Each structure stands twice: as C-alpha cells, then as structure tokens.
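*Asks:* sequence-free structure coming up:
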Ligand SMILES: *Cc1c(COP(=O)(O)O)cnc(C)c1O
C-alpha cells in the first residue's frame with residue numbers, strides 16, 4: 001500500500017532519489033562496486049559530487065555565482081551562531097524578525113555577538129501571522145528573517161522593503177520557489193526538510209563579506225575555512241551530501257524552482273480549500289501568510305482528534321500530528337510530496353465530515 005509522508009522533517013524524498021540512493025549504498029559502478037558509505041571523500045567520484053551539488057545550488061537558486069556554497073554540519077541551529085560570529089562585530093547592529101521557535105533561538109545566539117534588536121514579533125498571537133510594515137533602520141549590518149515557519153505554518157510571501165542585506169533561514173522552503181539572490185548576504189537551510197536526509201546544512205555566503213570582524217574565530221566555525229577547502233576541510237557527511245545532489249538533479253530535470261512553485265501552489269490550494277470548506281476543520285494562521293510547505297489546522301471539536309488520526313492511519317497517511325506548540329494537525333507538503341498524497345488527505349477529511357459532521 002502506498003504511504004503518504006506528511007512528516008515535517010526529516011521528510012519525504014522523491015522515489016527516484018531513494019532508489020538511486022539505495023543503489024549507491026549497495027554499490028557504485030564508478031567506484032568498482034564499492035558502496036558510497038565506504039569511500040573516501042577525497043575520491044574523484046565524491047569530489048565531483050560535491051562540486052556539482054554546489055553548482056546546482058547556485059544555478060537553481062539563481063545566485064549568479066556571487067555566493068560561495070557550503071555543505072556544513074551542525075544543523076541549521078549552528079547557523080544561528082555561525083552567522084553573527086562571522087559577520088557581526090560586537091559594536092555592530094543586526095535586527096531580527098521573530099516569527100516562531102526557530103527565530104527565537106536565532107536571536108538568543110546572536111545576542112552573544114553584537115547589538116541585536118527584535119524589530120517585530122508575532123509572539124502575541126502564538127506566531128500565527130507574519131509581522132509587516134515595521135520600520136527598518138538603515139544602519140544594520142543585516143536583517144535576519146525566517147522565510148518559512150515550519151512549526152507554526154506561516155511563510156514570508158514578500159521581502160520587506162529595505163536596502164539592508166538580508167540573512168535568511170530557508171530551512172523549510174528552500175528550492176520551493178524562485179528567490180531574488182541580490183537581496184541576501186547569507187542563506188542557510190538544514191537539508192532535512194525540503195532537500196535530503198538529516199546531516200548536512202546548505203549555506204550560501206555572499207562573496208566579499210567575510211574577514212571584517214575583529215574576533216578570533218575557531219577554525220571549524222570560520223566560514224572561510226570551509227570555503228577555502230570546498231566544504232572538505234574535515235570529512236563532510238558524504239551520504240547526505242550525495243542524496244542532496246540527487247534531489248538537486250531531480251529538481252533540475254523537472255524544470256527547476258519555478259515549475260516546483262506551480263506544483264506547490266496547486267497542492268497547497270487543494271488542501272487549504274478543503275480546510276476552509278470542511279465544516280469540521282479550521283486553519284490556524286492568517287490566510288495571507290499561509291505556508292505552501294506546512295499547513296496547520298485544527299478540528300472545531302478537538303475531542304475527535306484521535307478519531308481523525310485513526311482515519312489518517314487507515315489511509316496510510318503518516319506524520320500528520322501537529323507540533324505540540326500548535327496542537328491539531330500539520331501537513332508538511334514539501335517539493336517531493338506527490339499531489340496524489342494531498343488528494344488522499346483531502347478524501348479522508350471529506351469522509352470524516354460525512355461520518356462525524
Ligand atoms: C528545522 C528547522 C531548523 C533547525 O534545523 P536543525 O538542522 O535541526 O538544526 C531551523 N530553522 C527552521 C526554519 C527549521 O525548520
């Protein structure tokens with residue numbers, strides 16, 4: 001029976017990628033039958049994988065080779081300190097927009113390194129909307145944004161109007177839509193939401209912005225270390241990087257991020273239309289800020305929660321239970337999730353209404 005993977009992360013991967021990755025875990029023709037799990041990261045095979053993966057990131061995001069692309073470890077969470085450590089002096093200002101759990105953590109780390117202001121926050125309404133229309137000072141080193149709030153199901157649809165360079169946590173919507181690379185100084189994203197397995201984090205650092213802080217940065221925490229060695233200063237997570245490479249190739253073959261955006265809009269519209277139509281369910285976020293990646297919704301009568309989870313389980317729908325900070329349900333509908341899976345979920349919601357409504 002086909003399963004429908006709505007987990008928030010680690011999350012669904014394309015069938016084709018899983019097949020190739022499984023094959024590579026058994027044996028690689030290019031390496032005389034050795035497994036990807038047992039070869040040197042310095043081998044010609046993997047060196048090429050790493051280089052191609054970086055070029056694909058540049059190409060698919062339209063970054064015009066104005067950035068250095070890194071595959072690092074330590075998760076997106078390590079970028080919360082990597083960024084200010086590397087680009088913010090103690091007497092310089094940066095501002096953060098607080099749109100959820102992840103930005104709250106980013107602010108906590110940044111406070112160790114410079115003069116941080118929280119410019120706007122949606123905490124007053126349990127992060128169910130994206131703040132807009134706040135004033136942005138011009139003397140900031142950077143403005144930090146989170147493009148998609150995985151836990152609360154909101155997404156930034158438009159960048160605020162400013163000439164200040166933007167640092168963006170794109171962990172849960174990178175490669176889901178086109179972006180304007182010229183607005184960013186640093187983009188980072190954990191791979192495990194919309195790209196690959198857990199274990200690596202993509203970082204794009206604008207060329208020319210480093211080397212301007214006065215502090216002594218530990219070697220492993222210095223972007224320049226990793227840029228200088230093409231993400232191979234120490235042993236990179238070979239297998240996760242390889243699987244990311246396969247997904248990037250899959251994405252390119254499909255036509256890139258504009259094609260993906262259309263598919264994502266179609267899937268999300270299907271689901272949100274049902275959430276709005278169905279008398280038993282309601283969405284949790286401001287309609288204009290609804291995420292195309294993570295749709296959060298509640299039952300009008302939460303005593304029926306277990307019954308709905310059971311109905312989902314029967315249809316082989318996995319990972320639909322909401323995060324504890326919101327409750328209810330969360331359907332993560334990333335790039336690799338087939339439309340058919342959303343249709344299945346919508347059918348289950350309809351049957352549930354027919355039976356319990
Ligand atoms: C999951 C997530 C993170 C944390 O990622 P880790 O790789 O677990 O550190 C950070 N930001 C966002 C937006 C996320 O969705």
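*Replies:* That came through, no problem. Here the structure is a predicted model, which means the values were calculated and not measured. Numbering: from 1, shown residues only.

*Asks:* may I have the phi/psi pair for the residue in the stretch 251-357 of the chain positioned nearest to the ligand?
*Replies:* Residue nearest to the ligand within the stretch 251-357 of the chain: residue 294 (8.6 Å; C-beta to the nearest ligand atom). In this view, the C-beta of every residue, glycine as well, is placed from N, C-alpha and C. Residue 294 adopts backbone torsions of phi -130, psi 110, taken as degrees, to the nearest 10.

*Asks:* point me to the residue of the protein nearest the ligand.
*Replies:* Counting by C-beta to the nearest ligand atom, the chain gets nearest to the ligand through residue 75 (2.6 Å).

*Asks:* pretty sure that residue sits against residue 188.
*Replies:* No - with contact defined as C-beta atoms under 8 Å, residue 75 does not reach residue 188; the gap is 9.8 Å.

*Asks:* residue contacts, the residue of the chain closest to the ligand?
*Replies:* Applying C-beta atoms under 8 Å, 6 or more residues apart in numbering to residue 75 gives the contacts 190, 201.

*Asks:* contact partners of stretch 136-147?
*Replies:* The contact list for stretch 136-147 (C-beta under 8 Å, 6+ apart) reads 83, 87-89, 92-97, 99-100, 102-103, 106, 110, 114, 117, 119, 155-156, 159-170, 173-174, 185-186.

*Asks:* ends of that stretch, what's the gap?
*Replies:* The straight-line separation of the ends of stretch 136-147 (C-alpha to C-alpha, to the nearest Å) is 17 Å.

*Asks:* how about that stretch, does it reach the ligand?
*Replies:* Yes - applying C-beta under 6 Å from any ligand atom, one finds stretch 136-147 touching the ligand at residue 146.

*Asks:* return the residues of the stretch 51-200 of the chain in contact with the ligand.
*Replies:* So far as C-beta under 6 Å from any ligand atom goes, the stretch 51-200 of the chain lies against the ligand at 75-77, 102, 146, 150, 169, 171-172, 190, 193.

*Asks:* low-scoring stretches of the chain, by residue?
*Replies:* For the chain, no stretch has pLDDT under 70.

*Asks:* helices of that one, start to end?
*Replies:* Along the chain, counting by DSSP state H, helices occupy 15-26, 44-60, 75-87, 101-110, 223-228, 238-254, 257-277, 305-314, 339-356.

*Asks:* most tightly packed of those helices?
*Replies:* Highest mean neighbour count of the helices of the chain: helix 75-87, a mean of 22 (counted as mean count of other C-beta atoms under 10 Å).

*Asks:* between it and helix 101-110, how big is the angle?
*Replies:* 40 degrees (axes from the mean of the first three to the mean of the last three C-alpha atoms, to 10 degrees).

*Asks:* please parse the chain into its domains.
*Replies:* In the domain annotation for the chain, the residue ranges read 16-254, 256-356 (automatic domain parsing).

*Asks:* how far does the last one stretch from start to finish?
*Replies:* Taking C-alpha to C-alpha as the measure, domain 256-356 stretches 42 Å from start to finish.
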